[in-house]
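Novice: can you look at this prediction? I've put the sequence above it.
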Amino acid sequence: MDRETRAFAEQHFRDLKGQVLGGGGQAPSGVAFIKEPDTFSYTDFVKGFLLPNLPCVFSSAFTQGWGSRRHWVTPEGKPDFEYLLRKYGDVVVPVANCGVQEYNSNPKEHMPLRDYISYWKEYIQRGYSSPRGCLYLKDWHLCRDASAQDLEEVFTLPVYFSSDWLNEFWDALDVDDYRFVYAGPQGTWSPFHADIFRSFSWSVNICGRKKWLFFPPGHEDALRDRHGSLPYDVTSPRLLDASLYPALQDSHPPLEVTQEAGEMVFVPSGWHHQVHNLEDTISINHNWVNGYNLANMWHFLQQELRAVQQEVCEWRDSMPDWHHHCQVIMRACSGINFEEFYHFLKVIAEKRLLVLGRGPEGVLVDAVGLGLGLQQAAFDAGRLAEVLASVIAHPDFQRVDTSTFSPRPEELLQQLKDAVVAAEAL
C-alpha cells in the first residue's frame, strides 16, 4: 500500500462514520472483468472493489504461472488424476454429499484422496451418476498439510489478497487456516451461503468451469421463507410458492457469472452466493479478513451473539453465568466468541505496532515472504483502533473476564491510537 492509497481508504472510512461496508441497495448491472495484470494495480483493486465491496473476475492471465495449472491438469484441460494420485493419494480429505441436505449444508465424510479419485472416475464412466450420490471434495486444507516448498509449486498468492488477517492469525496459532482446495465432477455444487465471519474470499479454477449466483448484502432477505429462514437452493422450484416465500416478489435476480479455467473470482464481504460446477473442476479458495472488512466481521459477531441470546432468553434469570454460557454457545456455533475476537485483534495489532515502531524503514517479512510496510501497517492500526474501541464499549464484552489479558484491551487501544498519531508524521 502506498501513501495515496492509504489516504484514500482512510477518508472512505471516515465518510462511512462507523457503518459497515455496503454492496447492498441497487445491485450492479454486471460483474467487472479484469483482463491485464500489468495495467491493474493494488490501488485499482482497493478503489474499484475492496472499498465499494463489489465482486470482480480476474482473467486467467493472473494465474498463468501457477504450478497447479501446469501439473494438476491434462493437456485436454481435465483433472490430471494420475499426477494427483502420485502427489497426494494418501492424504485424507473431506468429502460432502451434494445430494443430501443437512440443515442448509451437506453431510461430510473423510477418505483418502485416492478413494475419492476412484469414485470420481467411476462417476464419469457411469454417465455422471453413482449409487453413492454426488460427492464433492470440499475444504481440503492443502496449505496446512503441505510444506512451504510444495506450496510454491501450487500457487502464488496474488498481491490483491495479500493483506490476509484471518490466515495470519491462524498461522500464528499453528492450528488451522482458511485456505482450501475444492474438487469435484460436473454437477457438484455449494448451497446458498455467505462466507464465514463475513470474510472476503477468492477462488481460482485450476481447471473446469463454475456458475456463480451472487446476491448483494440485504438482497437475500427477500428470499427468506415465512419462518425467516434462507433457502438451501435458490434455484429450487419451491421458491415460486408465494405461501412459503411471501417476499420473493420483491427479490432481484442474482448476478450470474460463469468462471472459466484459470480465472479468479473475488467474492465481497457479506454477499450471499451459490456455486455450481459446470464441468469436472478443481479450485483453490481462500477466506480472508483485513482492515477493509473488519467492521463487517465485528458487526456479524454482534448479530450472532444476539441470536444466541434470543434463543436462550428464557433461562436468563435462572441460569448462573448466563452471559458466559451465551459466549460458549456462540463459539460452538460460529467458531469464535468475543474473547477470541479480542485475541485475534491483538495478534494482528502487535505485528503492526512492531512495524510502526521501526519508523520509516520498518518492513516486516512473514514466513511466506510477504512484506508488511509502513503505510499498510498504519492503515491497519487505524482500522484496528476503531473496531477495538467499539468492542471495549460493548456491554457484553464488558462482562468478559479480561483480568488475564495481556495487554489489557484499554492498553492495546491506547498503543494503537498513539501509533496512528505517530504514523501521521512519517
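Specialist: On my side now, so go ahead.
Novice: which phi and psi does the spatially most central residue of the chain have?
Specialist: Centroid check for the chain by Cα atoms, centre = their mean gives Asn287 as the closest residue, at 2.6 Å. The phi and psi values for Asn287, taken as degrees, to the nearest 10, are phi -100, psi 140.
Novice: specify the beta-bridge partners of it.
Specialist: Ser201 (DSSP bridges).
Novice: what sits against it?
Specialist: Applying Cβ atoms under 8 Å, 6 or more residues apart in numbering to Asn287 gives the contacts 166, 178, 195-197, 199-201. Bear in mind the C-beta positions are built from the backbone N, C-alpha and C, glycine included.
Novice: now with 10 Å?
Specialist: Neighbouring residues of Asn287 by Cβ atoms under 10 Å, 6 or more residues apart in numbering: 164, 166-167, 177-180, 195-202, 267.
Novice: and His324, what element?
Specialist: For His324, the host element (DSSP states H and E) is helix 322-334.
Novice: quick one: whatever helix or strand comes next after that helix to helix 322-334, angle?
Specialist: Using DSSP H and E, the helix or strand that follows helix 322-334 in sequence is helix 338-357. Interaxial angle, helix 338-357 versus helix 322-334 (axes from the mean of the first three to the mean of the last three Cα atoms, to 10 degrees): 80 degrees.
Novice: helices or strands up against helix 338-357?
Specialist: Applying 3 or more Cβ pairs under 10 Å, 6 or more residues apart in numbering; DSSP states H and E, one finds that helix 338-357 contacts helix 165-173, helix 294-311, helix 322-334, strand 364-365, strand 371-372, helix 374-393, helix 395-398, helix 409-424.
Novice: Throw these into JSON lines and include distance to Gln64 and mean pLDDT, thanks.
Specialist: As requested, the helices and strands packed on helix 338-357 are exported to JSON lines (distance: least, Cβ to Cβ, whole Å; pLDDT from 0 to 100):
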{"stretch": "helix 165-173", "distance to Gln64": "24", "mean pLDDT": "94"}
{"stretch": "helix 294-311", "distance to Gln64": "32", "mean pLDDT": "97"}
{"stretch": "helix 322-334", "distance to Gln64": "38", "mean pLDDT": "95"}
{"stretch": "strand 364-365", "distance to Gln64": "26", "mean pLDDT": "56"}
{"stretch": "strand 371-372", "distance to Gln64": "24", "mean pLDDT": "74"}
{"stretch": "helix 374-393", "distance to Gln64": "27", "mean pLDDT": "96"}
{"stretch": "helix 395-398", "distance to Gln64": "46", "mean pLDDT": "98"}
{"stretch": "helix 409-424", "distance to Gln64": "37", "mean pLDDT": "94"}
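Novice: Ser283: which of the ones you listed is closest?
Specialist: Within the helices and strands packed on helix 338-357, the stretch nearest Ser283 is helix 165-173; the backing value is 17.1 Å (Cβ to Cβ).
Novice: so how far is stretch 258-276 off the chain centroid?
Specialist: 11 Å (Cα atoms, centre = their mean, to the nearest Å).
Novice: whoops, stretch 312-329 was the one
Specialist: The answer for stretch 312-329 is 30 Å, by Cα atoms, centre = their mean.
Novice: still on that earlier bit, CA atoms of the helix holding His324 as CSV?
Specialist: The C-alpha coordinates for helix 322-334 follow below in CSV (Å, rounded to 0.1, in the frame of the first residue of the first chain):
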residue,chain,number,x,y,z
TRP,A,322,-26.0,-16.8,31.5
HIS,A,323,-23.9,-14.3,29.6
HIS,A,324,-20.8,-16.6,29.8
HIS,A,325,-22.9,-19.6,28.5
CYS,A,326,-24.1,-17.4,25.6
GLN,A,327,-20.4,-16.8,24.7
VAL,A,328,-19.7,-20.6,24.9
ILE,A,329,-22.7,-21.4,22.7
MET,A,330,-21.7,-18.6,20.2
ARG,A,331,-18.3,-20.1,19.8
ALA,A,332,-19.7,-23.6,19.3
CYS,A,333,-22.0,-22.2,16.5
SER,A,334,-19.8,-19.6,14.9
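Novice: from Ile392, how far off is the residue nearest to the centre of the chain?
Specialist: 26 Å (Cβ to Cβ, to the nearest Å).
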